[in-house]
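Peer 1: Structure for the following, please:
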Amino acid sequence: MGEHYLPAITKPIIEHDLLSSVHTVEMGANQLVKQVLGGQLDLAISGNLDQTLDERLAVTPLRSFQFKILANPDHPLAKMAHPTFKEALKSPFVILNATYLNKLVFHQLAEQLSIEPQVLFESDNSTLISGLVRENLALGFISDIATPPADDLVEIPIEDVQVPSVHINLIRRAHQFPIGLFKQIMDIVEQTFKTEDAAAKE
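Peer 2: A predicted model of the protein is given here:
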């Protein structure tokens, strides 16, 4: 998420001369929520499996995202007329590690099929995952907010299992009324997501 959206969010922050007033951190979704609740963070942009978060939080949905299988064009799955996640699980996968929701969603989908997945490698680096897929060593499990794969890789939709709904949310403490700088940053984040999503649909 940071790879995709942080540069776009940072640009208007710099243009409005607000960068010196903003301190950013990167961590997993659960840790972000805890730090907002604890007052260590004012705002969090977080991917969440469940829109029903702690009632002490105010949640602004920014966008939903989907998951896909990433394959080398020479992989047998990429050559199937109707590839399935069940068929994909016959092959090893490379996935993002527990810092990301990808790992949790991946294992939830495998559980639906009562199949123990073969995980060749876990990483926090999506470029490394693409590299292993490119070498045809494994399939990848990615979301549509990841850095777009190179033209030599194939994205395969997941249609044979129920994929959980995952959203990116802007989260703050419910009692913290957005005014001043706080409101400016919130507006920048919301507008950036709207602009990026509109551009992606063109």
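
Peer 1: For this protein, which residues score under the pLDDT cut-off?
Peer 2: For the chain, the stretches flagged by pLDDT under 70 are 1-3, 50-52, 146-150, 197-202.

Peer 1: what separates the residue lying farthest from the centre of the chain from M186, distance-wise?
Peer 2: Relative to the centre of the chain, the most outlying C-alpha is that of G180, 29.2 Å out, by CA atoms, centre = their mean. Noted for G180: a distance of 11 Å to M186, by CB to CB, to the nearest Å. Backbone N, C-alpha and C define where each C-beta goes, glycine included.

Peer 1: what do you get for H23?
Peer 2: 16 Å.

Peer 1: in the longest helix anywhere in the chain, what counts as buried?
Peer 2: Scanning the chain for the longest helix, with DSSP state H as the assignment, gives helix 180-201. Using 16 or more other CB atoms under 10 Å as the test for burial, helix 180-201 gives Q184, I185, M186, I188, V189, T192, F193, E196.

Peer 1: hey, where'd the strands end up in the protein?
Peer 2: Under the criterion DSSP state E, strands of the chain are mapped to 44-48, 57-65, 67-71, 93-96, 119-123, 139-143, 154-157, 166-173.

Peer 1: need the ones you listed in a markdown table with distance to I9, can you?
Peer 2: Below are the strands of the chain laid out as a markdown table (distance: least, CB to CB, whole Å):
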| stretch | distance to I9 |
| --- | --- |
| strand 44-48 | 8 |
| strand 57-65 | 11 |
| strand 67-71 | 23 |
| strand 93-96 | 21 |
| strand 119-123 | 24 |
| strand 139-143 | 18 |
| strand 154-157 | 25 |
| strand 166-173 | 11 |
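
Peer 1: Export those as CSV, with columns for distance to K11 and mean neighbour count.
Peer 2: Below are the strands of the chain laid out as CSV (distance: least, CB to CB, whole Å; neighbours: other CB atoms under 10 Å):
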stretch, distance to K11, mean neighbour count
strand 44-48, 15, 22
strand 57-65, 17, 16
strand 67-71, 28, 23
strand 93-96, 26, 22
strand 119-123, 28, 15
strand 139-143, 23, 25
strand 154-157, 27, 17
strand 166-173, 18, 20
